[in-house]
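Undergrad: Structure, please.
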Amino acid sequence: MRPTVTGSPTRPAAETRSAETLAEVLPRIDRAYAVLPPRADGARPVRPWSGPAGDEAPVAILPAAPLSQLGDPAFCAAHGLRLPYVGGAMAHGISSVELVVALGRAGLLGVFGAAGLPLARVEAALDALEAARGEGSFPFAMNLIHSPSEPSIEQGAVDLYLRRGVRLVEASAYLRLNLQVVRYRLKGLHRDAAGRVVAPNKIIAKVSRVEVAEGFLGPAPERLVNELLRRGDISAEEAELSRHVPVATDLTVEADSGGHTDNRPLVTLLPTMIALRDRLQAEHGFPEPVRIGAGGGIATPASAAAAFAMGAAYLVVGSVNQACRESGTSDLVRQLLAETRQADITMAPAADMFEMGVKVQVLKRGTLFAQRANKLYELYRKHESLDALPPKEREELERKVFRLPLTQVWEETRRFFAERDPSQLERAETDPKHQLALTFRWYLGQSSFWAKAGLEERRVDLQIWCGPAMGAFNEWTRGSFLEAAAARDVVTVAHNLLHGAALLARVHALAIQGVRLPAGAVDTSPKTLSQLEEQLS
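TA: Reported below is the predicted structural model:
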């Protein structure tokens, strides 16, 4: 056991020096230390910091950086979390029940990836999450994705969440506010006994554009409120109280992420969004300001530390979690992600917003999906119907891409929408170009399911949502136990990112006090949970 010496004015200086050095105590992120002048051997002695003491004045203070104090503790308090960390939604249940439960039981927030799933599957996931809670309780959220091509699906999701009492959703891919996301937020607004406005339904909005963020950071637009009131979707009281709350309770700044993204750099986008929040908060005077989090590109302790240093209230991680064993994808995808480098990504048309030209960020290494999907969009723009496709182009599509006659692809598509959204078929009957779009979307939709199922025979057609963060994560974990795809789990990854961020925050605090550590002195390499616990002892 190491002796702890706090120092005393009556003792010689040599006796007041602790046997512990800065290098030894640096990983103990939950304790503060006074850093003393260096010894003859160059080591810097320390003593626990509880205020000025002893006859040796410290040259710097190494502040405590407990994980619960990273970001904004109000975020954790609002959602019942221990740590400011979110496993963001990944469509088709890739953010699986298992992933959400693992994060929730660790005091982190998981968001179930409801996008692209039939409502019956989403409700089954809700049943499973409620069952997993058992006698205890843990936080979770459900994804609410904007679906401009299938508005009935978005409406059905809101109906389901309201009926089941889902109190927290992550709203993603919104280009502007619409009736459904506003309806979810306003339903249940009331005043408590003290006259305070209570909003039971909370929204974490994930955005990458200032104009979209402005809508979420302010009160619901009057035109949408009036329309909801006219339809009978909200009460007069809920409409009146809508002026007192922002649409979002939290807003995630989505930088260069996998899937839907505008490829914006976090270093410019996050400060802009924080300044926008501050301006709108001053204008509206909401009782609680919207908290601003950061997502996209966060995959290493350094990127996590940078986001917190810029003012992020919480972190959102996506691509990295897809590579973990709890994700709802295949071992084939996990292995491909484990081999990904930062340059191994590209943009491709999005299945849900194909006609609008919206793109998603995907893995290009080992797959031809992006190349083929971009070709489909090019053909869609040039031609007005399936029959208008040049014979040579059609033959190549049927042989290489669809591996089916396009007439058969359309029949499968027709059966799918007959169950999911018959209005799409009604439109296709009178609009041949819409039929062309739905047929091409068959490939875009199937490619993500082939990836989730790990179909080797469709390996070159896998659509794998991925951002450059995946490559950075692989570079950070190279040579460690987390290098292997099978060893990655979401809780270990989360704690390593947060512990590393806290450690780097302490190093930065020393640097601005004039104490700079030599290169290689700070170890943020991946560690097991037990090793992280040992560091704190």
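
Undergrad: in what helix or strand does residue 77 lie?
TA: According to DSSP states H and E, residue 77 maps onto helix 73-79.

Undergrad: Run me through the strand neighbours of the next helix or strand after that helix, direction for each.
TA: Sequence order places strand 85-87 as the next helix or strand after helix 73-79, per DSSP H and E. Strand 85-87 has its sheet partners listed here by DSSP bridges as strand 109-112 (parallel), strand 315-317 (parallel).

Undergrad: Run through the residues that contact residue 62.
TA: Contact analysis of residue 62 by CB atoms under 8 Å, 6 or more residues apart in numbering lists 22, 25-26, 32-35, 46, 49, 506, 509-510. C-beta: built from backbone N, CA, C; applies to glycine.

Undergrad: Which ones among these map onto helices?
TA: Of the contacts of residue 62, the ones assigned to helices by DSSP state H are 22, 25, 506, 509-510.

Undergrad: if we can go back for a sec, what's the closest of the strands paired with strand 85-87 to residue 416?
TA: The closest of those to residue 416 is strand 109-112. By CB to CB, the value is 22.5 Å.

Undergrad: And for that closest one, what's in contact with it?
TA: By CB under 8 Å, 6+ apart, the residues outside strand 109-112 that reach it are 79, 81, 85-89, 93, 95-97, 99-104, 122, 125-126, 129, 139-143, 170, 204, 490.

Undergrad: what about this structure, any weak spots by pLDDT?
TA: Low-confidence segments of the chain (pLDDT under 70): 1-19, 52-56, 135.

Undergrad: if you set the cut-off to 80 instead, what comes out?
TA: Residues of the chain meeting the criterion pLDDT under 80: 1-19, 50-56, 135-136, 537.

Undergrad: Just the ones in strands from the contacts of strand 109-112, please.
TA: 85-87, 141-143, 170, 204 (DSSP state E).

Undergrad: between those, which is closest to residue 525?
TA: Using CB to CB, residue 85 comes nearest to residue 525 of the ones in strands among the contacts of strand 109-112, at 19.5 Å.

Undergrad: beta partners for that closest one?
TA: Beta-bridge partners, per DSSP bridges, of residue 85: residue 315.

Undergrad: Pull up the gap between it and residue 155, please.
TA: Distance, residue 85 to residue 155, by CB to CB, to the nearest Å: 31 Å.

Undergrad: Give me the more crowded residue out of those two.
TA: Taking neighbours as other CB atoms under 10 Å, residue 85 and residue 155 compare with residue 85 leading, 31 against 15.

Undergrad: Verify the stated contact: the more buried one with residue 312.
TA: No - contact criterion CB atoms under 8 Å: residue 85 and residue 312 do not qualify, at 10.9 Å.

Undergrad: on that earlier part again, so which of the ones in strands among the contacts of strand 109-112 wins on neighbours?
TA: Neighbour counts for these were taken using other CB under 10 Å; the highest belongs to residue 87, with 33 neighbours.

Undergrad: Spatially nearest residue to that one (excluding sequence neighbours)?
TA: Nearest residue to residue 87 in three dimensions, chain neighbours excluded: residue 110, at 4.4 Å (CB to CB, 6 or more residues apart in numbering).

Undergrad: tally of neighbours for that neighbour?
TA: Look at residue 110: counted by other CB under 10 Å, it has 30 neighbours.

Undergrad: Equivalent analysis for the one 5 residues further on, please.
TA: Counted with other CB under 10 Å, residues neighbouring residue 115 total 26.

Undergrad: List the residues that contact it.
TA: Contacts of residue 115 (CB under 8 Å, 6+ apart): 89, 91-92, 143, 145, 172-173, 352.

Undergrad: could I get those residues as TSV with distance to residue 535?
TA: Formatted as TSV, the contacts of residue 115 follow (distance: CB to CB, whole Å):
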residue	distance to residue 535
89	32
91	37
92	38
143	35
145	39
172	36
173	39
352	44
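
Undergrad: Now do the helices in the stretch 51-200 of the chain.
TA: Using DSSP state H, counting those that start in this stretch, the helices of the stretch 51-200 of the chain run over 73-79, 97-105, 119-133, 151-164, 179-186.

Undergrad: right, so of the ones you listed, which gets closest to residue 439?
TA: With CB to CB, the closest approach to residue 439 among these belongs to helix 151-164: 19.2 Å.

Undergrad: now what about that closest one, what contacts it?
TA: Outside helix 151-164, the residues touching it (CB under 8 Å, 6+ apart) are 114, 119, 122-123, 126, 142, 144-147, 166, 169, 178, 180-181, 183-184, 187, 201, 420-421, 423.

Undergrad: filter the residues you listed to the buried ones?
TA: 114, 122-123, 126, 142, 144-147, 166, 169, 178, 180-181, 183-184, 187, 201, 421 (16 or more other CB atoms under 10 Å).

Undergrad: Restrict stretch 404-417 to CA atoms and write it as CSV.
TA: Taking C-alpha atoms only, stretch 404-417 is exported to CSV below (Å, rounded to 0.1, in the frame of the first residue of the first chain):
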residue,chain,number,x,y,z
LEU,A,404,-34.1,-11.2,-61.8
PRO,A,405,-36.3,-10.0,-64.7
LEU,A,406,-37.6,-6.5,-64.0
THR,A,407,-41.1,-7.7,-64.4
GLN,A,408,-40.6,-10.2,-61.5
VAL,A,409,-39.0,-7.4,-59.4
TRP,A,410,-42.0,-5.3,-60.0
GLU,A,411,-44.4,-8.1,-59.0
GLU,A,412,-42.4,-8.5,-55.7
THR,A,413,-42.5,-4.8,-55.2
ARG,A,414,-46.2,-4.6,-55.8
ARG,A,415,-46.9,-7.4,-53.2
PHE,A,416,-44.7,-5.6,-50.7
PHE,A,417,-46.5,-2.3,-51.0
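
Undergrad: Run the chain-centre distance for that stretch.
TA: Computed by CA atoms, centre = their mean, to the nearest Å, the separation of stretch 404-417 from the middle of its chain amounts to 34 Å.

Undergrad: buried set for it?
TA: Buried residues in stretch 404-417 (16+ other CB under 10 Å): 404, 406, 409-410, 413-414, 416-417.

Undergrad: cool, stretch 299-310 as well?
TA: Using 16+ other CB under 10 Å as the test for burial, stretch 299-310 gives 299-308, 310.

Undergrad: ok, now stretch 336-353?
TA: For stretch 336-353, burial by neighbour count (16+ other CB under 10 Å) applies to 336-338, 340, 344-353.

Undergrad: Give me the distance between the two termini of it.
TA: The first and final residues of stretch 336-353 sit 26 Å from each other (CA to CA, to the nearest Å).

Undergrad: Separate out the buried members of the contacts of residue 62.
TA: Counted by 16+ other CB under 10 Å, the contacts of residue 62 give 22, 25-26, 32-35, 46, 49, 506, 510 as buried.

Undergrad: re earlier: for the buried residues of stretch 404-417, which one is nearest residue 64?
TA: Closest to residue 64, out of all of the buried residues of stretch 404-417 and judged by CB to CB, is residue 416, at 55.6 Å.

Undergrad: does that closest one belong to a helix or a strand, and which?
TA: Assigning secondary structure by DSSP H and E places residue 416 in helix 406-420.
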